[in-house]
Structure formats: C-alpha cells, structure tokens
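>>> Need the 3D shape of this:
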Amino acid sequence: MSDTDQTKAAETEAEARRQEELSQTDLDALVASSDTGGRNVTGSVGLFLMLVALSWSLFQLWFASPIPFMINFGVFNDTEARSIHLAFALFLAFAAFPATKTKFQIVLGVAVPVILGALFMMGSKDGTSIWWIPLVVAALVACVILGSPKEKIPVWEWALAVVGAATALYLYVYYREISGRVGAPITQDFVVAVIGILVLLEATRRALGPALMIVASVFLVYTVLGPYMPDLIAHKGNNLSEIVNHQWITTEGVFGIALGVSTSFVFLFVLFGSLLDKAGAGNYFIQVAFSLMGHMKGGPAKAAVVSSAMTGLISGSSIANVVTTGTFTIPLMKKVGFSSEKAGAVEVASSVNGQIMPPVMGAAAFLMVEYVGIPYFDVVKHAFLPAVISYIALVYIVHLEALKAGMEGLPRAYTPKPIVQRLIGIAFIIAMICALSFIVYYGMGWIRTLFPDTAGYIIFVALSAIYVVLLRIASKEAPLKLDDPNEPVTRLPLPGPTIRSGLHYILPVVVLVWALMVDRLSPGLSAFWAAAYMVFILLTQRPLMQMFRGESQLGADLKAGFTDLIDGMVTGARNMIGIGIATATAGIIVGAVSQTGVGSALADVVEVLSGGNIMAILLLTAVLSLILGMGLPTTANYIVVSALLAPVIVTLGQQNGLIVPLIAVHLFVFYFGIMADVTPPVGLASFAAAAVSGGDPIKTGVIAFFYSLRTAALPFLFIFNTELLLINVTWYQGVFVFVIATIAMLLFAAATQGWFLAKNRFYESLALLLVAFTLFRPGFWMDMAFPPYNEESPTEIAAAAEDTPAGDKLRIRVAGVNDLGDPITFVALLPIGEGDTGADKLDKAGLIFRTEEDKMFIDDVSFGSPASEAGLDWDQEVLRVLKPVNTPSKYLMFIPALLLLALIVFLQRGRNDKVTRRKAMA
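Below you'll find the predicted structure:
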C-alpha cells in the first residue's frame, strides 16, 4: 500500500472514530436532556451545582433515616419535607435544563402564563389586590423569550431558580402561620402561590416537554371556567382564593400525595440504583447475561432482554437503560443478523419493561402504595408474576425472530457439558439456593428472638463478613471490562469467572428485599438501609479488592471510592429532577379533579361512551393512556389516568357483576403508562435506541410496540383473572397459575409473531390466540355453558345467606342512586359471618329489610357494618340474589384447548418434515 493510500486510510479511520464519538456524545446528550438536564457547565458554577445536588441527596438520606428521631434533632414533618424536596427540584430544573428555542416551545412558554394570568385575574372576585399579576406574567414571559444557552446560566435563569425554590420553601418557612389560616389566604399567600404555579409549569416545560404543562394548564383553566363548560362537565367555578388554598397552601394539590411519594420513597430508590450502578453492577449484569445466553440462537438479543431486566432493578429510567445496555447489545444483535430497527426494538421493549420488574419498580409503583392503600410488599407480590411472564415472553419472541432468520449465537469460550450433567448442576444450584435461603430466613429469625436489641448490629457484621468473602472470591478473577461491541467477537466470557467477579453486588439487593419483604419496613426506610449499605460498599470495595490482589494503595483507593460515592449521589439527585417536577405538576391535576368534582362527571361521560360495558371502558382507558403516553412520562401518565378513570372502572365493573380489585385497575393503568416511552411518534426510548442502531426511529418504535403487545395483553387478562396477580391463591395454586399463564403468553407471542414451530398459516395464528385465551381465562367458556350463579327471588335472601358459609360473600343485585342522584344497578358482595339462621347472619351483617307489595327494599344499614362497606344503603331495592351453584371445574376447558394445540403442532411438524426431506433430496 502506498503512503498516500495509508494516509487516506488513516484519515478515513480517524473520521470514523470522530463520527463514533459524536454519536456517543449525541447519546449522552439525549439521556441528559430527558433525565438529568442538557446543560453542562464547568468551573465554579459546575462545582456549586454539584454541591446543591449532593445536598439534596444528603437531605433525603437524613429525612429517611431514624437518626433524627434518635437524637431528637432535624425532624421534618411530611409537608416540610415536601417543600424542601420541591425547592431542590425547581432550583436544579432551571439550572440543569436550558430553555428550548423552538418556535412551538417559545409560543407555549409565553401563552401559558399569559392565559393563566388572565384567568387568575378573572377568578379574583373577593376584592383581593391583583395589580401584581401582570408584572409576574411579564417577567416570566421575558425570561422565556430571552432563552438560555447550554454552556452557561444567565442571570435571569438564576433568578427563576431562586424564585422557584423560594416559593416551594414558603410552606416550610411559614408552616406554623399557614396552619393557622387554612382556608383564608392573605395577600402574601396569593403572590407566592401564583408565582409558584407559573414557575412550576415553566420548569415542567423545560424538564419534561410541553405535554404535561399543557394538560396541567387545561385543568387550571377548567377550574376557573367551570360555569362556561358543557352541562355534562360544568361546575360552579373556583375563585383565586380557593385555587391558591387548594393548589399551593394545603396538601391537596402541588404538595399532595404524589410529591409526598417522590419525597419519601422514590428518591431513595433512585439514589440506591445510582449508587449500585456507580459501583459497577450495571456492567456486571450485562456481562453475566452474555456469558449465560450469548451462545443461543439470537443470543445477543436474549442477553439484551435479561441484562435489561437486571439493569431495570437499579435504573428507574427506560431511556438510560436503553443507552446503558444498548450501546453494547444492539451492535452485537446486528452482528448475528438482526436489522437495525429490530435490534433497537428488542432493546426498547426489554428496557421499558424494567419499570414493572420487582422489587424496585418505577416511581408509579410507590404511588400505588398511597392511592390503593396497601403495603409495598403487596404491590410487589401482585406485580411479580405478570412481570416475569412478560420477560419470558420477550425472550421467546427473540427466539422466534432468530428462527425466522436462521440466526446463530456467538461462539462459546468453553465446551459445554452433556445435557444430563448440566441439568444435575442446575438442580444442585437451585437446591443450594433454597437451603441457603432457608438457613438465612430462620437464622435471622433466631437472632432477632435471642438478641432483640442488638440483632441489627449482629446481622450487619454477618453480612459484612459475607461481603468480605465474596470480595475475596471476586479478587481472584480478572476485572470485568465492557468490551467494544464494534470489535470482532471471537468468544463469549466464561460464565463461572464472570459470575464470581461480582457476587457482592447482590448483597445490597438482598438487604432491600429483606427489609421490604421480611421485616416489612416502609419502602422509604428499606431504601435507606439499602442505600446506606451501598455507601459502605462504595467506600470499601476498591481498597479491599486491591488489598486482596496485592496492589493496595490505601490513600488513592479510599479517595477513588469516595469520589465514586459523591458521583453516585450527584447523579441520583439529577436523575430525580424530572420525577420531582412531574409529581408536583401532576398534583395540580389531582387537585383540580378533587376541587371541581370532574371525576364524577367524567365517569358519566365514559359510561355513556362505553355503554356501560366493562371491556369498552378498559379499551377507552388503554387508548387514553397511550395518547397521553405520547407526551407524558410514565409517572405523570399513571397519576392522571388513575385519578380520572380507576374509580370509574371499579364502579362499572361492579355494575356488570364483575368485582375488580383496585390494585388490578391501578396495575392496568401502570402497564399502559409504561408504553409512553415506546409509543410512536414520540417514544424517547425508541429514538435513543435508533440513535445507537442507526435505524429509523419511527420504524423502531412501531416494531417495539408490536413486541410489547404481550405487555398490553396482560392488563386485560388480570382484570378478568385476578389469579395472575396472586390474589386469594395458595402457593401451589400460584405455581400452577404461573406455569399455565407462561405457556399461554408464549402461545400469544407465537400467534402475534406469525411463527410457532414453522411459519403460521392465518388460521393457525387464530387457533393459537384461541388456545392462549382459553388457558388464560378458562372460566369464560365454562360460565357460558354452566352459569356459576342462579338468580333467585329477593325473598330467598335469608335462605341464600343460610347456605353461604361464614367468611364467604353473598352476591346481591340491587338498584339505587349514585352520589349525583342518578339511578344505577350494581352487584354488592356482602360478607357473611357466623349465625344460626340466615336472618341472624343478615342481621349481624347490618341489614334490615322491608317489603312493599312484591318488592324488597333495604330499610336500614348499620353504620360501619359489613353491609355498609359493601356499598349497600337504605332505600335500595333488592332485585336478585345470586346464589352459587355447583358447576364443573373451569379447568376442564384445558382439554379441548390442548387438543387444538396438539393439532397445530402436528400440522407444523408435518410441514417442517417435508421441508427437511426436500433439502435432503436436493
């Protein structure tokens, strides 16, 4: 090769490297703009912002810890903590997120304060001085028009940050004074609340985009202009005094439950994940997944699914998850035969589902704790099975894609053992894990019994001893390095050494799970102990590892560990900016719903649109979630839709004779909320994946959406089959449900992907869907053939109650009126207790009846009785008593379903055999 050719080749290679670096820079900018802020300032200003973020993390650790209560100093109540939490979020939002200069963003940033300022002036009908509102609006509009660069923070941005933080801190500084005048705000309250709401909406526009800002503004407009709305959703309208009191001065609006959950729970979990990732757990999970699964058909894609599931344990952001694992997995997927769009779509589908993976789920899961009123342990228990099934189905989808394209896996670094030896090895590992779990569970219980006062210290010492042993084991292996995915892959890493090199990363997760599931501590306190243990690991991991390797430099190692700890805390705080702003702004929406009563009005609208059909209302809810998901983050999407439609679904289900647990409805909304990062045309996770893969982002989003159909199907199924949520099932029933539901979901995936054992004929896909539905909901067909209830005359209610065993529930169809006075019909579940006769049981349930002509009415319901809690009230007419009857087991429907499946297997294997014989003859 001539010198000229070599020079050109070197220039070409250098240009390729520059393009690669630019691509990585763009990726980092994308994650920053959506998660941590797109502004990157250095020098003294950058150091100051780092200290502010660090202070936020330290405050949250202090607030969650038991130390303030032990020393009786620095104790904050919930309202004070929410005020400080929002102050940090607002300050960092303006410091970290520059104002966007697109025309639409500028117009929106100007229009919203102008419109809301005018409405606030309209709403001031009680003589309050409002001359200052135009000045506030003008100042905010000027800041929006001036904009801001990414490299520095201009003076007006500092002003917005300080003013925003001051309005949030107002509740903390004047907490005692405000508590004495709730409902009667003074001029000072008006000024702070109006400025606070407008500045919060501007921070929302910067940190989260225009959608949430628009939705919250629409609800504020509706609050003021209630009398001018259509009759169906009209209300009396609220003046400025009521808005200020409801939205800012009390905890009904901005400082409500959503911001409280962000303050008490979410921050600590995000911080825990950030510290775990900084310690190296993210890279460890990726390498383990590739060492175990990379050799299979389409192995890199399967490893991407598993590594994203494990990374989902520590990352609350689907976009960061895509970029973290995707920069390594997507090029390898392309290398074994996936197209750019399919490689990106697999990564998106698996990364987004990280938010539904227990024990550390997305922020919305912690909101469920407050909205549904159940412990976090129960939320995790109900969400566990669908999440695992969803990931298994995605691995199977990847397998089907590999079969279609005839892909192979990556070469192994070892010769595999015979299948029998592998099965024996797997069985031995499972037995060892079960034995270890048994010893740990009962051993800790024994320690807590013998040493009730010092058990925590003893357990910490034992855990630390295990940690040192695991570090000693890890030190014997080579340090894990994330290989360059653009380099040729000659062999996969060895599973054994890869797994051993980071077993200590499992300990913080064990601490978290133990605190949540066994000790049943609050989510906030559980996350505190897990984060505290991560602080211990970050400070000691490097010095101990280097000491075991004989390369100790104690001072430098301690400094490096301390630097990692500071970086992790700062990153955790910056990751929380968007969540803090989202929960505060969503509080405006929730506050408007409670203040105007629009929820009841919307229930009427939805009931009219759905015709009272439960399936129609579920479809409407799903569509609304998907539409809102095009612009709202998952948390805000969940808050809006659950606040508006969750009660409606429960009510309509009851009217249709379907008793839907509230947790099932909230998980339904949550599952469709996570589609926010997938759904085209916005889907930021799809854009991030496309930036890595070089594919078309819209096409990537569409394919990811189809891959995610299994996630969209599950919510419908567990509304009608609550066994999937492990509600009222024993452990062996849970195992049975898991096996059957997994098979059903795999068949659903095969039907939607058009490939089972061979390419599906159209009728085979329909048959697979039918089999999957039957396995998921066998009672649907059995109830059509053998109704589970006989509708008896109301006069038979005493006899039906007598036949109902104590502890069971009697179904009664009644007619009455709702809170608005409109007639409704619904099925009530009346708990039945002990009693000699049916009349005794009904009396103890709190019911007294009267008969008028041939009709039976409820004459009285005891306050706080089981009947009252079941929704029964006086003057309701008893229409029918639904008496259970003996029917054949619903699982008999599995027989025809499995026979149909056997026929499909027979047909497809026959076609495969023909293809094999043709190839042999050729």
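
>>> Skip the chain neighbours and tell me the closest residue to residue 134.
Leaving aside its sequence neighbours, residue 134 sits nearest to residue 117 (CB to CB, 6 or more residues apart in numbering; 6.7 Å). Any C-beta I mention is one placed from the backbone N, CA and C, and that applies to glycine too.

>>> List the residues that contact residue 229.
Taking CB atoms under 8 Å, 6 or more residues apart in numbering as the criterion, residue 229 is in contact with 222, 235.

>>> ok, residue 372 touching residue 669?
No. Contact status for residue 372 versus residue 669: not in contact, 11.2 Å apart, counting by CB atoms under 8 Å.

>>> more crowded one of these two?
Set side by side, residue 372 and residue 669 show more neighbours around residue 669, with 26 against 20, by other CB atoms under 10 Å.

>>> Against which helices or strands is the helix or strand harbouring that one packed?
Taking DSSP states H and E as the criterion, the element that holds residue 669 is helix 662-673. Contact analysis of helix 662-673 by 3 or more CB pairs under 8 Å, 6 or more residues apart in numbering; DSSP states H and E lists helix 363-368, helix 376-405, helix 614-629, helix 634-655, helix 709-720 as its packing neighbours.

>>> With mean pLDDT and mean neighbour count added, can I get the ones you listed in JSON lines?
Converted to JSON lines, these look like this (pLDDT from 0 to 100; neighbours: other CB atoms under 10 Å):
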{"stretch": "helix 363-368", "mean pLDDT": "74", "mean neighbour count": "27"}
{"stretch": "helix 376-405", "mean pLDDT": "83", "mean neighbour count": "21"}
{"stretch": "helix 614-629", "mean pLDDT": "77", "mean neighbour count": "19"}
{"stretch": "helix 634-655", "mean pLDDT": "75", "mean neighbour count": "24"}
{"stretch": "helix 709-720", "mean pLDDT": "79", "mean neighbour count": "21"}
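
>>> Minimum distance to residue 521: which of those has it?
With CB to CB as the measure, helix 376-405 is the member of those nearest residue 521 (9.4 Å).

>>> where are the low-confidence patches of the stretch 401-550 of the chain?
Within the stretch 401-550 of the chain, the segments meeting pLDDT under 70 span 413-417, 419-423, 425-426, 429-430, 433-434, 436-438, 440-445, 481-491.

>>> Okay, helices next: where are they in it?
Along the stretch 401-550 of the chain, counting by DSSP state H, counting those that start in this stretch, helices occupy 419-450, 455-475, 495-500, 506-513, 523-548.

>>> sorry, back to before: what helices and strands are in contact with the next helix or strand after the helix holding residue 669?
As assigned by DSSP H and E, the chain's next helix or strand after helix 662-673 is helix 684-693. Using 3+ CB pairs under 8 Å, 6+ apart, the elements in contact with helix 684-693 are helix 3-31, helix 318-335, helix 340-352, helix 697-707.

>>> Please identify the deepest-packed of the helices of the stretch 401-550 of the chain.
Mean neighbour counts were taken over these using mean count of other CB atoms under 10 Å, and the top value, a mean of 22, falls to helix 523-548.

>>> average model confidence for the helix or strand following it?
Next helix or strand after helix 523-548 toward the C-terminus (DSSP H and E): helix 554-575. Helix 554-575 comes out with an average pLDDT of 90.

>>> Helix 523-548 and helix 554-575, what's the angle between them?
Helix 554-575 and helix 523-548 are oriented at 150 degrees to each other (axes from the mean of the first three to the mean of the last three CA atoms, to 10 degrees).

>>> when you give positions from now on, start the count at 25
In the new numbering, first residue 25, that becomes helix 578-599.

>>> quick one, whatever helix or strand comes next after helix 578-599 and helix 578-599 angle?
Following helix 578-599 in sequence order, the next helix or strand is helix 601-620 (DSSP H and E). Interaxial angle, helix 601-620 versus helix 578-599 (the same axes, to 10 degrees): 30 degrees.

>>> Using PDB, list the CA coordinates for helix 601-620.
Taking Å, rounded to 0.1, in the frame of the first residue of the first chain, the C-alpha atoms of helix 601-620 are listed here in PDB:
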ATOM      1  CA  ILE A 601     -35.200  16.400  38.900                       C
ATOM      2  CA  GLY A 602     -37.800  15.200  36.300                       C
ATOM      3  CA  ILE A 603     -39.600  13.000  38.700                       C
ATOM      4  CA  GLY A 604     -39.800  15.700  41.400                       C
ATOM      5  CA  ILE A 605     -41.200  18.200  38.900                       C
ATOM      6  CA  ALA A 606     -43.600  15.600  37.300                       C
ATOM      7  CA  THR A 607     -45.100  14.600  40.600                       C
ATOM      8  CA  ALA A 608     -45.600  18.200  41.700                       C
ATOM      9  CA  THR A 609     -47.200  19.200  38.400                       C
ATOM     10  CA  ALA A 610     -49.400  16.100  38.400                       C
ATOM     11  CA  GLY A 611     -50.500  17.300  41.800                       C
ATOM     12  CA  ILE A 612     -52.100  20.300  40.100                       C
ATOM     13  CA  ILE A 613     -54.200  17.800  38.000                       C
ATOM     14  CA  VAL A 614     -55.200  15.700  41.000                       C
ATOM     15  CA  GLY A 615     -56.000  18.800  43.000                       C
ATOM     16  CA  ALA A 616     -58.200  20.100  40.100                       C
ATOM     17  CA  VAL A 617     -60.000  16.800  40.000                       C
ATOM     18  CA  SER A 618     -60.800  16.800  43.700                       C
ATOM     19  CA  GLN A 619     -61.700  20.500  43.700                       C
ATOM     20  CA  THR A 620     -64.100  20.500  40.800                       C
END
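
>>> That one packs against which elements?
Applying 3+ CB pairs under 8 Å, 6+ apart, we find helix 601-620 packed against helix 102-120, helix 211-232, helix 234-248, helix 281-285, helix 291-303, helix 658-679.

>>> contacting residues around the third one?
Helix 234-248 is touched from outside by 128-129, 132, 136, 139-140, 143-144, 146-147, 221, 225-226, 228-229, 253, 257, 261-262, 267, 606, 609-610, 612-613, 616-617, 619-620, 622, 652, 654-657, 660, 664, with contacts defined as CB under 8 Å, 6+ apart.
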